[in-house]
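Trainee: Next input, structure requested:
(chains A and B)
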Amino acid sequence: MASRSAQRAGDVAWARTPKVNGELFALTYGAMVKRLVEDYTEIDEVNEQLEKMGYNIGIRLVDEFLAKAGLPPCQGFQETAEVIAKVAFRMFLGVAADVTSWNSEATAFSLLLADNPLAEFVELPRQYKTLCYSNVLCGVVRGALEMIQYRVEVTFLQDVLRGDDVNELRVELQEVLSEDLGEQYKDD
Amino acid sequence: MAGERAVAESVFELLMFEAFRVAREAPGGDGGEDGASAEARRMEVKGRIEAMGFDVGYRKVERSATEKLLGRHPLELIKFICKDLWLALFQKQADRLQTNHRGMFVLNDGNFTWLKRLGHRTDEKSVAMAEHILDFACGILRGALTNLGLSTAVYAEIKELPGVSFTVKVK
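Mentor: As a prediction, the model looks like this:
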């Protein structure tokens, strides 16, 4: 599916989606991050918890996406990437992402998010400079892709909250899962 | 209310449920088997959720109308809550406001948005979820009122699903 029609599908899906106040969403996330930082002494642990949380959300969002986005199944990883960026991000977060920086094997790409609804009004104090505030997004993408049989690793390469110009999520394909191998696959 | 940006309702709900899970699974409490510590654990979780709500409510009103509302009569502040804050949080206004004019207010919402998904389910998990949702909402109201200069105690009661009444007692 061409990028433009994915964009159109994203706009249509977004228009139909019941919505809530974005500030409420950002503040709820912020309150929860604050809670995690208080509960876990190591920032690395907080980052891990945020990713896990994203995973839990991602695996559930997929059902809704498949039901509401009204798209035919994707043909391959590249098309999947476009759909995630232009349709899924758009219909759930209200902002589409851009797919860039494919590697030569077409097994890794970046998602560029100019606008991060989670980070509205957020400023990271210096002692939290290793906190990956929006790590939940990495988990969401990982969880969602796993549900459609792609095992990936997602990391936050660039983070506006840490001084970069743009938010960049790097998605790296580890394994294409097969239904038959379901039992052998272990969750890490 | 400031901030016209929106996100999908489903994403917010999933986030909220994850926040509740974080509150339930937080390290620190040892969650013993006997009734007493299970109850203590439950109260601890309740407190955490309410505290998260407080943060949200406190900051939610920060950018709106705070200046012109500070120092106003409690009734005006509660009316602001029933109209503006309710609209921002629940996409509707509260249905009815009652007061005894002596510092107690009851805010009624006959169709509380956040309980919609639970329907009329009465299984243990749904009841626990409803409780978390209301604790969170009470925290938000208390946080908002605190930032508007009013110190209160807020608690909620399910009337007949999905109707809820919030009682606000000014301290």
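Trainee: so what's the residue of chain A found nearest chain B closest to, chain neighbours aside?
Mentor: Here chain A gets closest to chain B at one residue, A:Gly22, 3.2 Å apart by C-beta to the nearest C-beta. All C-beta atoms are positioned from the backbone trio N, CA, C, and that covers glycine. Take A:Gly22 and drop its neighbours on the chain: the residue closest to it by C-beta to C-beta, 6 or more residues apart in numbering or on different chains is B:Arg5, 3.2 Å away.
Trainee: mind checking how far the one you found is from B:Gln98?
Mentor: In this structure, B:Arg5 and B:Gln98 are 34 Å apart, going by C-beta to C-beta, to the nearest Å.
Trainee: Between these two, which has more neighbouring residues?
Mentor: Relative neighbour count places B:Arg5 above the other of B:Arg5 and B:Gln98, with 17 against 11, counting by other C-beta atoms under 10 Å in any protein chain shown.
Trainee: How far does the longest helix seen in chain B sit from its chain's centre?
Mentor: For chain B, the longest helix by residue count, based on DSSP state H, is helix B:35-60. Computed by C-alpha atoms, centre = their mean, to the nearest Å, the separation of helix B:35-60 from the middle of its chain amounts to 11 Å.
Trainee: now check the top helix by length along chain A, is it near chain B?
Mentor: Among all segments of chain A classified by DSSP H, the helix with the greatest residue count is helix A:43-68. Yes: for helix A:43-68, a contact with chain B is found by C-beta under 8 Å from any C-beta of the partner chain, at A:49, A:53, A:56-57, A:60-61, A:64.
Trainee: Break down chain B into its strands, ranges please.
Mentor: For chain B, applying DSSP state E gives strands covering B:6-8, B:96-99, B:104-109, B:152-158, B:164-170.
Trainee: is chain A contacted by the shortest one?
Mentor: Yes: taking C-beta under 8 Å from any C-beta as the criterion, strand B:6-8 and chain A are in contact, through B:6-8.
Trainee: circling back to that earlier point, which secondary structure elements does the longest helix of chain B sit against?
Mentor: In terms of contact count using 3 or more C-beta pairs under 8 Å, 6 or more residues apart in numbering or on different chains; DSSP states H and E, helix B:35-60 is assigned the packing partners helix A:22-39, helix B:9-25, helix B:124-147.
Trainee: got those as JSON lines, with distance to A:Asn103 columns?
Mentor: Converted to JSON lines, the helices and strands packed on helix B:35-60 look like this (distance: least, C-beta to C-beta, whole Å):
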{"stretch": "helix A:22-39", "distance to A:Asn103": "31"}
{"stretch": "helix B:9-25", "distance to A:Asn103": "29"}
{"stretch": "helix B:124-147", "distance to A:Asn103": "43"}
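Trainee: how about CSV for these, with distance to A:Glu123 and mean pLDDT added?
Mentor: Rendered in CSV, the data for those read as follows (distance: least, C-beta to C-beta, whole Å; pLDDT from 0 to 100):
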stretch, distance to A:Glu123, mean pLDDT
helix A:22-39, 11, 94
helix B:9-25, 21, 94
helix B:124-147, 19, 94
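Trainee: Relative to A:Arg90, which of those is closest?
Mentor: Shortest separation from A:Arg90 across the helices and strands packed on helix B:35-60 is recorded for helix B:9-25, at 12.0 Å, computed as C-beta to C-beta.
Trainee: Where does the prediction get shaky in chain A?
Mentor: Flagging of chain A using pLDDT under 70 yields the residue ranges A:1-2, A:179-188.
Trainee: Which strands or helices does the helix or strand of chain B with the lowest mean pLDDT pack on?
Mentor: The element with the least model confidence among the helices and strands of chain B, by mean pLDDT, DSSP states H and E, is helix B:66-69, at a mean of 73. When contacts are defined as 3+ C-beta pairs under 8 Å, 6+ apart, helix B:66-69 packs onto helix B:74-80.
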